[in-house]
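*Asks:* okay, sequence plus prediction incoming.
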Amino acid sequence: MSTFQRAARPEGQPPARPARQNDERPARPESNRAIKRAAYAASNPVANRPANPSDYNRPAAPSKAKPRNRPRTVDRDPKPAAVAESEGERLSKRVMALKACSRTEAEQYIEGGWVMVNGVVVEDPPFRVLHQTVSIAPDATLLNTADVTLILNKPSGWLDGVEDDDEDEDERPARGRTSKPQIPNARSLLTIANRYSNDQSEIRALKRHFLHLEADVALETGASGLVVFTQDWRTTRKLSEDLGSMEHELIVDVTGEVQPEQLQRIARALNDERNPLPQVKFSVNSSSPELSKLRFAIKGSHPGLVAYLCGKAGLEIQAMRRIRLGRLALTDLPEGQWRFLSVYEKF
């Protein structure tokens, strides 16, 4: 018979079923729930259970278990709420509520010097206030938040602040050896106390004005005079891209009276084709047997060039001062003090 055909059976008779050796069905395995119930019943006999449901509300007998060695968390005293309240809230959050502004705008009002706490100007947004009186100046505005430029009259013997004066850890002297005296950096002079009293810019000095200042025009450590620190990217680009065509004017004090032969040596050094030098104009401002003053106007910043030319002429330098950078003059700014660059001033 083919496997695709069904076997014939007599009509009216049900199909025959194969006989089983045992008519009883195989027992199903007990479930986990049944096993747990059996284990609970074995450990809790019926005799120990209360017959009346109300007996469940009776207080339990005191436990004979040993007390815990470590204290429970719930037993510890919670931190009093007064400690958190004494810290107060951030000043920026209080300004947000008073001015109905965003957090960024509130921080700008604070950093702009428009917010006072008990009559004192506070410029730190994280400052905490609790019961103090916070007030905002009626003329407060966010329009005058431009970056600033600072003009400093650097003293002689100070670093110009162009490069970081921190030494590498490998170059620091070992313990027990004598270290060289550290040269002060001109950046340390940029404080509110050193601002020029006759500053005509009418800009209020704020803490943010002394952050992220860049110096791009180098000046010799032994020289004094005009150094520029700026936050404005336009000023940085001007001093970087046009520095080579910008004229630097310096006044140099030399010992003794300058002779014509010495000036000719400087001219020959500048016209030497074997050693091409930048474009320099020089002249004698004053001359005496004790001291003479020379004026140098150099295109671009070339630290060490004036000392090289004076060395060729046999002149001993006593002092050097940069008095002009492009169209910006140092004028009467005292040494060690700074002022803001006014809007009408250009390099």
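*Replies:* That came in fine, so what should we check first?

*Asks:* who does Ile136 form a beta bridge with?
*Replies:* Val115 (DSSP bridges).

*Asks:* run through the residues that contact it.
*Replies:* By C-beta atoms under 8 Å, 6 or more residues apart in numbering, the contact set of Ile136 is 95, 98-99, 109, 114-116. Heads up, the C-betas are built off the backbone N, CA and C, glycines and all.

*Asks:* what do you get for Phe282?
*Replies:* Residues near Phe282 by C-beta under 8 Å, 6+ apart: 263, 266, 294-297, 309.

*Asks:* next, it: phi, psi?
*Replies:* Per-residue torsions, Phe282: phi -140, psi 150 (degrees, to the nearest 10).

*Asks:* do a quick rundown of the strands in the stretch 201-347 of the chain.
*Replies:* Ranges of strands in the stretch 201-347 of the chain, per DSSP state E, counting those that start in this stretch, are 224-230, 247-255, 280-287, 291-299, 317-325, 328-329, 338-340.

*Asks:* the first one packs against which elements?
*Replies:* Read it as strand 224-230. When contacts are defined as 3 or more C-beta pairs under 8 Å, 6 or more residues apart in numbering; DSSP states H and E, strand 224-230 packs onto strand 149-154, helix 233-241, strand 317-325.

*Asks:* can you lay out the contacts of Ile136 as JSON lines showing distance to Leu213?
*Replies:* Converted to JSON lines, these look like this (distance: C-beta to C-beta, whole Å):
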{"residue": "Val95", "distance to Leu213": "27"}
{"residue": "Leu98", "distance to Leu213": "32"}
{"residue": "Lys99", "distance to Leu213": "29"}
{"residue": "Tyr109", "distance to Leu213": "23"}
{"residue": "Trp114", "distance to Leu213": "23"}
{"residue": "Val115", "distance to Leu213": "24"}
{"residue": "Met116", "distance to Leu213": "27"}
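
*Asks:* by neighbours, which of those residues wins?
*Replies:* Ranked by neighbour count (other C-beta atoms under 10 Å), these have Val115 at the top, with 28 neighbours.

*Asks:* circling back: need the max-distance pair from the contacts of Ile136.
*Replies:* Farthest apart among those by C-beta to C-beta are Lys99 and Met116. That separation is 13.4 Å.

*Asks:* show me the domain layout of the protein.
*Replies:* Structural domains annotated on the chain: 84-136, 149-164+184-340, as defined by automatic domain parsing.

*Asks:* which one of those lies closest to Ala41?
*Replies:* Ala41 lies closest to domain 84-136 among these, at 53.0 Å (C-beta to C-beta).

*Asks:* what mean pLDDT does the closest one have?
*Replies:* When pLDDT is averaged along domain 84-136, the result is 81.

*Asks:* could you export the domains of the chain to CSV, including columns for distance to Ala39?
*Replies:* Output for the domains of the chain, formatted as CSV (distance: least, C-beta to C-beta, whole Å):
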stretch, distance to Ala39
domain 84-136, 50
domain 149-164+184-340, 72
